[in-house]
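Engineer: need a structure here:
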Amino acid sequence: MRSIKRSMAAALLGAAALGLWAPALAVAGTGAAGSDTAQPSVSYCGADRATGLAVSADRTVSCATALQVAGAYTKAASGTGEAPATVRVGGTAWKCQERQGDPNPYRECVDASDSGRRVIVSS
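Structural biologist: You can find the predicted model right below:
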């Protein structure tokens, strides 16, 4: 009886963990700038300090850089009502804007010199 309860609890925890990651993966699956290629692998990096929103990045972007990009975009967009902006982090220009997700919008920043490198900020 106890092993059944433990198995059931483990299954519920696993389902809950998958449910928490599902929104990030759904957002991450949207291709950069209209791309229809297979979805890139993304990593959750933490929360943006100013907004508390989740920050994820392609595997080619370090989490430290992703959090800096998210913070810079939050500052740049704070007085402009989420308008597109270009921010610089570590000598790299990132083009950022809000995009329509399914169902919620999210913010995406793309390396201006390499559109395959991106940072995603989502709720």
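Engineer: can you give me the helices for the protein?
Structural biologist: 2-28, 63-77 (DSSP state H).
Engineer: mean pLDDT for those helices: which is lowest?
Structural biologist: Mean pLDDT is lowest for helix 2-28 out of those, coming in at a mean of 43.
Engineer: can you count the residues close to the nearest residue to Val61 once chain neighbours are set aside?
Structural biologist: Nearest non-adjacent residue to Val61, counting by Cβ to Cβ, 6 or more residues apart in numbering: Arg117, 5.2 Å away. Yep, even glycine has a C-beta here, placed from its N, CA and C like the rest. By other Cβ atoms under 10 Å, 22 other residues sit near Arg117.
Engineer: same thing with Ser78?
Structural biologist: Ser78: 11 neighbours (other Cβ under 10 Å).
Engineer: residues contacting it?
Structural biologist: Neighbouring residues of Ser78 by Cβ atoms under 8 Å, 6 or more residues apart in numbering: Ala50.
Engineer: check what pLDDT it gets.
Structural biologist: Looking at Ser78, the pLDDT reads 76.
Engineer: returning to what we had before: show me the contacts for the residue nearest to Val61.
Structural biologist: Contact analysis of Arg117 by Cβ under 8 Å, 6+ apart lists Asp58, Thr60, Val61, Val110, Asp111.
Engineer: ok, and the most crowded of those residues?
Structural biologist: Val61 (23 neighbours).
Engineer: surely that residue and Arg118 touch.
Structural biologist: Yes. Contact between Val61 and Arg118 holds when scored by Cβ atoms under 8 Å: they sit 7.2 Å apart.
Engineer: now the common contact residues for those two.
Structural biologist: Contacts common to Val61 and Arg118, judged by Cβ under 8 Å, 6+ apart, are Asp111.
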